[in-house]
Structures are given as structure tokens and as C-alpha cells.
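*Asks:* Fold the following, please.
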Amino acid sequence: MSATVAPRQALRRAAYRFSRSWLSVLGLVMVVGLLLLAVAGPWLAPFPEHVAGSVNTAARFRPPSLAHPFGTNEVGQDVLSLVMAGAQVSIVAGLAVVLLGTAFGTVIGAIAGYAGGWVDEVLMRLADLKLTIPGLMLAMAVAAALGAGMANMVFAIALSWWPGYARLVRAEVMARKEEMFVTAARAIGASGARILFRHILPNVATPVIVKMSLDMGFAILTVASLGFIGIGVRPPTPEWGAMLSVARGYMPDFWWMALAPGMAIFVAVFGFNLLGDGLRDLFDPRARR
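*Replies:* Presented below is the predicted three-dimensional model:
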């Protein structure tokens, strides 16, 4: 009984501490709303035919109204419907970037921290070499070389995302590999791979999860940046950055075309940052505000 009660009590205490910060709760609400929109946005859109690509030139450049809360664009499509559908592209692409960067960086950092010696030197110098190149510039170069498309864009951004996770995991592994539970695992004959991936890595998951939540907003912003300059996802696929790029040519007369996608990017970045701060405060009491 006590074995099941203790985790429940710890979970309740964690939920209580998290709920005491209204900013963290606000971030959680915003992120949950974005995730729901990413899942159901294309079907909840008031004009799903516009999401599918149909146009209505008779309704082009209509200002915000009850029928079109954020107006229509240059081909008469409802801007709100496109933004709701674009949440799926932006959130999925951002999540894929963070997951790929985390997976690759965690493996590199874990091997470097556990092996040490020349392996550590080679892998960390490779990470340092990558850090000398601005991430957005590298992503732009790789995406331009591979061509437009969501998969190429995600790969290009993830290629510049892993060094931060590698350095974080390396530091955590180096601190954990001298602890008693690792010494006990070695004493019973556990292999190095088993010790690293079965015993050490689960104990360094917390800072990695916090960093992932903080990085999601910046990943979405980077996806939108590539879409804005025409390297990422291109029209007619609804994507927030590409929508802003199109709206730029019609400013300031038809300002409503840029309002909704700009607000969506702001909410996504702000919400994930608030959630990441809340998780950091929850898992690391020394960093509480």
C-alpha cells in the first residue's frame, strides 16, 4: 500500500507547487490549447474548404467581421481557418525538431560523458565546431540545399539543435557515473552500455525534459522563420511563417492578414516558455522564482 501511496502524494505535492504559480498554469493552458488545435484544427476550422485549397475571389481582402473574425486573404480564404490548420504543421514540425535534436544530442552527450578520454574530446570538439555556426544560418543552408518541404526543414533545423542537449547530458552523466548505484551495478557485472542506458540516463531525464519544453517555442519560431523566407513549408500548405511572408506584401493596407499568424506564433512561444519555467521551478527548487 505504501509503495503506491508515496508516488501519489509526491504527484499531488508537485501539482500543488505547480498550481501556485499562475504564470505556469497559464502556460500549461496555452500549450494544451495549442495541442488540441494541432490535433483538431483542420476539422474545427469554420471554412474547411479553404484549408483544402479552394478559393473565393469574390471575398478577397475582406476586413474582420462576424463571418471572418480575422478577415480574408488575397484569394478570399478565411484567415482564421488557415491559422487553425497551420497549428498542426507548426506544432508537429517543432515537436519533431526537438525530439530529433534531443535523441541525437542525448546519445552523443551520454557516450562522451561516460567514456571520457579521447572519445569525449572528439565528440565535444564536434559540438563546439557546430556552435561556432549560427543555428538559423546552418538550417537555412541545409534546407536550401535539400529543397523545400516539411521533412527537409525538420532535418535541417534538428541538425543545428543537438549540441545543447549533448553538453547538458554529458555534464549530468559525468556527475552521475561516480555515484554509488553505478558502482554497485559495476560490482555485479553490468556492462557499460547497460549501466549507461539503463541506470544513468533515466536519472538525467528531468533536466532534458525541462530543456525540451523551453526549446519547443524556439523550434516553432525557427520553423516559422524558414517558412517566412520561403525555405520551409510553402503555400498553399497553411503554415504561420509562410502566411506572414505572403501578408508582408499587402501591409499596411490589409493588416489583418498578418495579425492572426503573428498572434499564433507569439502565443506558442510565450506558452511553451511559461510552461518550461514552471517545470524548471518544479523539478529544481533552487531555481524557483
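*Asks:* now the strands for the stretch 151-289 of the chain?
*Replies:* Ranges of strands in the stretch 151-289 of the chain, per DSSP state E, counting those that start in this stretch: none exist.
*Asks:* any low-confidence regions in it?
*Replies:* Within the stretch 151-289 of the chain, the stretches with pLDDT under 70 are 234-235, 284-289.
*Asks:* mind listing the helices for it?
*Replies:* 162-176, 180-187, 192-194, 205-228, 240-248, 256-283 (DSSP state H, counting those that start in this stretch).
*Asks:* again with the stretch 1-150 of the chain
*Replies:* Using DSSP H, counting those that start in this stretch, helices in the stretch 1-150 of the chain cover 2-19, 22-44, 48-51, 79-115, 117-131, 135-146, 150-159.
*Asks:* what's the nearest residue to residue 268 if we skip its chain neighbours?
*Replies:* Nearest non-adjacent residue to residue 268, counting by CB to CB, 6 or more residues apart in numbering: residue 220, 4.8 Å away. The C-beta positions use only the backbone N, C-alpha and C, and glycine is treated the same way.
*Asks:* Ok, residue 74 next?
*Replies:* Here the residue nearest residue 74, using CB to CB, 6+ apart, is residue 60, at 5.8 Å.
*Asks:* Around the one you found, count how many other residues there are.
*Replies:* For residue 60, the count of nearby residues is 15 (other CB atoms under 10 Å).
*Asks:* Contact partners for it?
*Replies:* Residue 60 makes contacts with 72, 73, 74, 75, 76, as judged by CB atoms under 8 Å, 6 or more residues apart in numbering.
*Asks:* run the last query once more with 7 Å
*Replies:* 72, 74, 75, 76 (CB atoms under 7 Å, 6 or more residues apart in numbering).
*Asks:* For it, what are phi and psi?
*Replies:* Residue 60 has phi and psi values of phi -70, psi 140 when expressed as degrees, to the nearest 10.
*Asks:* That one and residue 34, how far apart?
*Replies:* 29 Å (CB to CB, to the nearest Å).
*Asks:* hmm, back to that, got the helices of the stretch 151-289 of the chain as CSV, with distance to residue 128 and mean neighbour count columns?
*Replies:* Output for the helices of the stretch 151-289 of the chain, formatted as CSV (distance: least, CB to CB, whole Å; neighbours: other CB atoms under 10 Å):
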stretch, distance to residue 128, mean neighbour count
helix 162-176, 8, 21
helix 180-187, 27, 13
helix 192-194, 25, 12
helix 205-228, 19, 21
helix 240-248, 30, 21
helix 256-283, 25, 21
